[in-house]
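Undergrad: Build me a model:
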Amino acid sequence: MRRNLAARIGVWSAHHRKTAILGWLLFVVLAAGIGGASGMVEMTDAENGAGDSARAEQILSDAGLGHRAGELVMVSSARPDGWKTAARELTTALGKTGEVTGLKAPVAAENGKDALITFEMKGDAATASDRVQPVLDAVEGVRKGQPDVTVHQFGDASAGKWLGDLLSDDFKKAEFTAVPLALGILLVAFGAVVAALLPVGLALTACMAAFGLLSLASHQLHLFQTTYSVMFLMGFAVGVDYCLFYLRRERDERAAGRDAETALRIAAATSGRSVLVSGLTVMVAMAGMFLSGLLLFKGFAVATIIVVFIAMMGSVTVLPALLSWLGDRIDAGRVPLLNRRSKRGAKKESGRIAGKLLRPVLSRPKFFAAASVVVLLVLAAPALGMKTESLGLEKQFGSQSELAVAYRHISETFPGGPAPAQVVVEADDIEAPAVRKALDGFDKVTVHRAQNVAEMEVPMERGKADLTELREHRLPAAFDGTGARAYVTGETAGSVDFTAQLKSGIAPVFLFIAAVTFLVMLFCFRSYVIAVTAILLNLLSVAAAYGVMVAVFQHGWGASLIGSEGVGAIESWMPLFVLVVLFGLSMDYHVFVVSRIREAHGRGLATPAAIDEGIRRTAGAVTGAAVIMVAVFAVFGTLSMQDMQQMGVGLAVAVLLDATIVRMVLLPSVMALLGERNWRTPRGLSRLPALDHSEPEPEPGPAADPVGSVRHG
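TA: Down below sits the predicted model:
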């Protein structure tokens, strides 16, 4: 019979296992080594922004007027003027570090009990966090030496240092928690140490190679700080799942009495094909993020495409080579009570529990379809009130974190201090009388004559209201008719512009991934009914995930259970990211399950019987894969940053719902209601080559090198 691409790759790898295994190891070492040596390039403020705020940052960057990292230190005492001694010591200590410039005399608050010291870090703001430690030590020294005063520090460099250290610690926590969790779950699923280690090892090596390639790519496409965390989250979960699907099918065939070579060829032709289809679907769906218009999402797209491609290729190349080499040794290290694999040649009844759960669903499909839709819609209901914003550092790390406490105290005592708006004015002649007259109407103006650029700071005591007033009224009134162009940047302006760009970009991204999902499913299964069903089921999963995220992180319902809190909004980039990722990841289960149903239908079973067999035979693999994904994503839900928590919980909930309510209840009930209409092929596709969903017939393998034999030398 004619083998599909996945089968040809798998059989080649099995018969050239030394080449496949050594080639994989060489690729991983070279990619990780070269990429690690090149380092990662992070995006600038201008690259990470949108709209007028990004334009303002770009003007300053082009003029060579990059910001210095500003720092604020507030000294407080219980009595008026009680801060003076500590402030004097602090000013002296800061000057001795040699790292600060523009150190100003303390400014007292109206109550006389607080004073604010402002200064800037020398050198490039982008590297200030690497040089701020002596300043932090100076502040800490005064804090310890003056126990009668309270010292709070907040600024670009100190926050950057704190953020960098926290991200590093969180990434280590995620890595050292997710890997043992996945290993434990696989150990329970397979009951053997070697079988459990194989998917984890391949997923980790895929992530290592992807890290290296992403570092190289960052020299052309600059990245956000959290991109590596996103890559590991996606790569490890997908890598383990792909290997699990493949390995589970091979073991099922062996348990059904197939010889090693036939079992491997069937796994390659069926699960291997599903891995290729789902992997390509995920990658193309991720490419939709390029349409967002934001560099942040372009980086996420590149990162996820790279790691999914490597994980996919590893699953269909080096995995069959390793299975061929190991043979029956895949069951080495059996764990008593966990290894329930039937003896070789014994027919094993799989999916008994799934079959019992599925029986009432197929007998009453209308009721269960309606009930599952109602459950998902109830979970999705809170999403109707979703609010998004670029969460500031004070919200990212919780209201009681040291950084948030410092920000809150400084902003309350000195309104507008931590986050003033910055207005950047460019003109053909910054010294023109009309321009100078307009500039004179503002305080804190710095004019750069050589660059024809001016900067000014404007307090933002009312946040967005002041920003709207500044952009729509104050600046136009001052600069209209002068020939100058004024742009507003800063924390509030950046958040507003970023969110606005996301809202305008989500429609084309959604249309793209919906179209891609439809076309891939249409071509794969030659059925527009299955294609439309896949999109609708995905939308229900995404909506339910949105609802849970809003309930937990916007309203704070149950947030304390995971050590988080409600912050009144969802991180602005999260809805688009979750939409794209879930549309991609849900294809793993959908393609895997529907392929098995189509395979049974292709053997002549009626649709209800095919659904029953397909669900039962994939229940173990889907459950194991879902548990691993949920566990890995849930680890990210326990990290320190609010956006990582939102991403982890959102994806974990969505995958859990997708693998249970959607795949075990809604999908079979809907397919049962549709009956034979599931397999309707559009006339235009009838001439295209069909993807083979049938189980390949046994073929004799090369006698000289049987699969599963041990090769020496």
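
Undergrad: any idea how far D428 lies from A486?
TA: Distance from D428 to A486, counting by CB to CB, to the nearest Å: 14 Å. All C-beta atoms are positioned from the backbone trio N, CA, C, and that covers glycine.

Undergrad: Phi and psi next, for the closest residue to R254 other than its chain neighbours.
TA: Spatial nearest neighbour of R254, chain neighbours left out: A263 (4.6 Å); criterion: CB to CB, 6 or more residues apart in numbering. Backbone geometry at A263, expressed as degrees, to the nearest 10, gives phi -60, psi -40.

Undergrad: Three-state assignment for the residue lying closest to A544 once chain neighbours are set aside, please.
TA: With sequence-adjacent residues excluded and distances taken as CB to CB, 6+ apart, A544 is closest to L379, at 4.1 Å. At L379 the chain is in helix, as set by DSSP: H, G, I helix; E, B strand; the rest coil.

Undergrad: ditto for S399
TA: Taking three-state DSSP, the label given to S399 is coil.

Undergrad: can I assume it is in contact with G568?
TA: No - look at S399 against G568 with CB atoms under 8 Å: they stay out of range, at 11.1 Å.

Undergrad: All the helices of the stretch 501-650 of the chain, residue numbers only.
TA: Using DSSP state H, counting those that start in this stretch, the helices of the stretch 501-650 of the chain run over 528-549, 574-602, 607-636, 642-657.

Undergrad: can you redo these as TSV with distance to D130, mean pLDDT and mean neighbour count?
TA: TSV is the format used below for those (distance: least, CB to CB, whole Å; pLDDT from 0 to 100; neighbours: other CB atoms under 10 Å):
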stretch	distance to D130	mean pLDDT	mean neighbour count
helix 528-549	34	90	22
helix 574-602	29	83	24
helix 607-636	26	85	23
helix 642-657	23	89	25
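
Undergrad: quick one, phi/psi of the residue located most distally from the centre of the chain?
TA: Ranked by distance from the centre of the chain (CA atoms, centre = their mean), the top residue is P433, with 51.1 Å. P433 adopts backbone torsions of phi -50, psi -40, taken as degrees, to the nearest 10.

Undergrad: pLDDT of whichever strand or helix holds F498, averaged?
TA: Assigned by DSSP states H and E, F498 belongs to helix 491-525. The pLDDT scores in helix 491-525 average 84.

Undergrad: Distance from that helix to the middle of the chain?
TA: How far helix 491-525 lies from its chain's middle: 15 Å, per CA atoms, centre = their mean, to the nearest Å.

Undergrad: Check which helices and strands that helix sits against.
TA: helix 51-62, helix 260-287, strand 388-389, helix 464-469, helix 528-549, helix 574-602 (3 or more CB pairs under 8 Å, 6 or more residues apart in numbering; DSSP states H and E).

Undergrad: which parts of the first one are buried?
TA: Think helix 51-62. G51, D52, S53, A54, R55, A56, E57, Q58, I59, L60 (16 or more other CB atoms under 10 Å).

Undergrad: likewise the fourth one?
TA: By neighbour count, and taking 16+ other CB under 10 Å as the criterion, the buried residues in helix 464-469 are D466, L467.

Undergrad: Now do the next helix or strand after that helix: which elements does it pack against?
TA: Sequence order places helix 475-479 as the next helix or strand after helix 464-469, per DSSP H and E. Helices and strands touching helix 475-479, by 3+ CB pairs under 8 Å, 6+ apart, are helix 433-439, strand 485-489.

Undergrad: make it 10 Å
TA: strand 421-426, helix 433-439, strand 485-489 (3 or more CB pairs under 10 Å, 6 or more residues apart in numbering; DSSP states H and E).
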